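Asker: Below are the sequence and a predicted model; questions follow.
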Amino acid sequence: MIAIIRLLLVLIGGAPAMAAQTEPEPPPPKASPVISVSEEALPRAGGILVFGGTRGVGLEVVKNLVAKNERVTVMARANSDTTALKALNTTFLSIVTGDALDPESVKTAFTTAPFRSVVSTLGGHDGDYRVDVEGNKNAIEATKKAGVTRFVLVTALGTGDDKAQPWYLRWFMKDYFIAKAKAEEHLKASDLDYTIIRPGFLRDEGKDGEVKLVEGPQEYGAITRKELGALVAGIVEDSSTFKKVYAAIDAKRTGLWAMLTY
């Protein structure tokens, strides 16, 4: 009887409510892993083509440029000693074979990579200054034809109307300065964004001084090739130097005595 009554109560009141079941909360999201990002200087688009870069000032220019991760190509004659260049052991440097006195090989050099700037430290010696005139002329013309607009030329203090050189040096080295002046004149007549740098007496070693580029006639002095290379490399991208001629000097060591005792 009691069982019947319980059955009736269930039928009348409905089934007892089932306990609500709750879904378990998902675990909190894990934090993203921390990634270490290192900043690395990348080369700019287009490289720099250097004429005369196997030794002396040109080699110092190359050293400074590749140290800044610039893509540099040096044109060198087949018989040139490129040991110092190869010793730099960098992927930012390449060497292309060519002769600045051969216009066709100069043009070919411009097809080896895209370039945005050209630096020339070409210079003759032992009375043969053809490379100062014809070599630089070929480089300037090829630069224009390749559509490159920037050209930096290293000549010598005392070139042209600059009388910084002592008169006796200008007299004994007359052909040398005439050749340098012709290279400058050809570059100035071009439509290129040029900068001309005229160093004084060049030495391989010297005491630390106060080297800088200045406009206008300057008293003659000395500067090391290493210091000059750093100055040249430092203005390759400097638009404030376009269409200008500078003397490269050590402000603390000018005059003949300073040149001899540098």
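Answerer: Great, that's in hand.
Asker: where does this structure dip in pLDDT?
Answerer: Applying pLDDT under 70 to the chain flags the ranges 1-45, 162-171, 207-208, 217-219, 255-262.
Asker: May I have the secondary structure class of the residue nearest the centre of it?
Answerer: The structure's the chain has its C-alpha centroid closest to Leu65; by Cα atoms, centre = their mean the separation is 4.0 Å. Put simply, Leu65 is helix when judged by DSSP: H, G, I helix; E, B strand; the rest coil.
Asker: longest helix in this structure, by residue count?
Answerer: Longest among the helix segments of the chain by residue count, using DSSP state H, is helix 174-189.
Asker: Enumerate the positions of that helix that are buried.
Answerer: Tyr176, Phe177, Ala179, Lys180, Ala181, Lys182, Ala183, Glu184, His186, Leu187 (16 or more other Cβ atoms under 10 Å). Placement of C-beta: from N, CA and C, glycine included.
Asker: centre of the chain versus the following helix or strand past that helix, how much separation?
Answerer: Next helix or strand after helix 174-189 toward the C-terminus (DSSP states H and E): strand 193-199. Distance, stretch centre to chain centre, for strand 193-199: 15 Å (Cα atoms, centre = their mean, to the nearest Å).
Asker: Which residues does strand 193-199 contact?
Answerer: Strand 193-199 is contacted by residues 57, 149-159, 162, 164, 184, 187-188, 213, 223, 228, 231-232, 235, 238-239, 241-249 when judged by Cβ atoms under 8 Å, 6 or more residues apart in numbering.
Asker: could you give the angle of that strand to helix 174-189?
Answerer: 160 degrees (axes from the mean of the first three to the mean of the last three Cα atoms, to 10 degrees).
Asker: for strand 193-199, which positions count as buried?
Answerer: Buried residues in strand 193-199 (16+ other Cβ under 10 Å): Tyr194, Thr195, Ile196, Ile197, Arg198, Pro199.
Asker: For the helix or strand following it, buried residues please.
Answerer: Downstream of strand 193-199, the next assigned helix or strand under DSSP H and E is strand 201-203. Using 16+ other Cβ under 10 Å as the test for burial, strand 201-203 gives Phe201, Leu202.
Asker: Could you list the paired strands of strand 201-203 along with their orientation?
Answerer: strand 222-224 (parallel) (DSSP bridges).
Asker: Alpha carbons only: can I get the helix or strand that the strand it pairs with is followed by in CSV?
Answerer: Sequence-wise, the next helix or strand downstream of strand 222-224 (DSSP H and E) is helix 225-235. Taking C-alpha atoms only, helix 225-235 is exported to CSV below (Å, rounded to 0.1, in the frame of the first residue of the first chain):
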residue,chain,number,x,y,z
ARG,A,225,96.1,57.1,-45.0
LYS,A,226,94.1,55.4,-42.3
GLU,A,227,92.6,58.7,-41.1
LEU,A,228,91.8,59.8,-44.7
GLY,A,229,90.1,56.5,-45.4
ALA,A,230,87.8,57.0,-42.4
LEU,A,231,87.0,60.5,-43.6
VAL,A,232,86.1,59.4,-47.1
ALA,A,233,84.0,56.5,-46.0
GLY,A,234,82.2,58.7,-43.6
ILE,A,235,80.8,61.1,-46.2
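Asker: I appreciate the help and will end here.
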